[in-house]
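Trainee: only the shape, not the letters, is given here:
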């Protein structure tokens, strides 16, 4: 294919979007009431097409010094909301079994040190490695080679959480949704999908939340 034509096709493709239900302040939410999304419903075993409910919260009209926010919700109490993610479509999805070690040890007082993920006889691991006094690295194991998912040399009570794991795009590989943070009030929600050759997974969408 002509490289210029390929570049034009890629630039015209809609951007993959990930959104979390909740209440937000500022300009981080660009979604509008009635927008179409796929909801990974509570329970984690179905993707369902939904229409967003986006409402302003706070005083109307706004009062000086009183913050107003945007409340985002959808039917079926979704774990995550997705839009224009290649290979992801509505219908049942298979959820993986996740095992976390006990919290409270010296190396992991608040956040898990690892996660063991099992799906269709396959086993993967996400491991947290400390960096310096407050930083950490997350590494994905189980593919042909390890993949660094997140790294921060310093954090302010930063951490991570595995929100969901399973086969989201129905290709037989492992997909998952992570929450990572460098600061206690800022979270990045990251969708990783399988089917990325030697690396095993690729980051498909990211959503940043401040103070939610």
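Mentor: Alright, I've got the coordinates. Every value quoted in this text rests on a predicted model; they were computed, and no experiment measured them.

Trainee: mind showing which ranges of this protein have poor pLDDT?
Mentor: In the prediction, the chain carries residues with pLDDT under 70 at positions 1-13, 26-28, 58-67, 104-109, 196-199, 211-212.

Trainee: make it 50
Mentor: Under the criterion of pLDDT under 50, the regions of the chain flagged as low confidence span 5-12, 106-108, 212.

Trainee: for it, which segments count as helices?
Mentor: 3-12 (DSSP state H).

Trainee: who is residue 201 paired with across the strands?
Mentor: residue 194 (DSSP bridges).

Trainee: ok, it - how many residues close by?
Mentor: Residues contacting residue 201 under the criterion other CB atoms under 10 Å number 21. Bear in mind the C-beta positions are built from the backbone N, C-alpha and C, glycine included.

Trainee: hmm, residue 178 and it touching each other?
Mentor: No - in terms of CB atoms under 8 Å, residue 201 does not count as a neighbour of residue 178; the distance is 10.5 Å.

Trainee: mutual contacts of the two, please.
Mentor: Overlap between the contact sets of residue 201 and residue 178, as judged by CB atoms under 8 Å, 6 or more residues apart in numbering, is given by 149, 192.

Trainee: who does the closest residue to residue 153 other than its chain neighbours form a beta bridge with?
Mentor: If you skip the residues right next to it in sequence, residue 153 has residue 135 as its closest partner in space, 4.4 Å away by CB to CB, 6 or more residues apart in numbering. Using DSSP bridges, the beta-bridge partners of residue 135 come out as residue 131.
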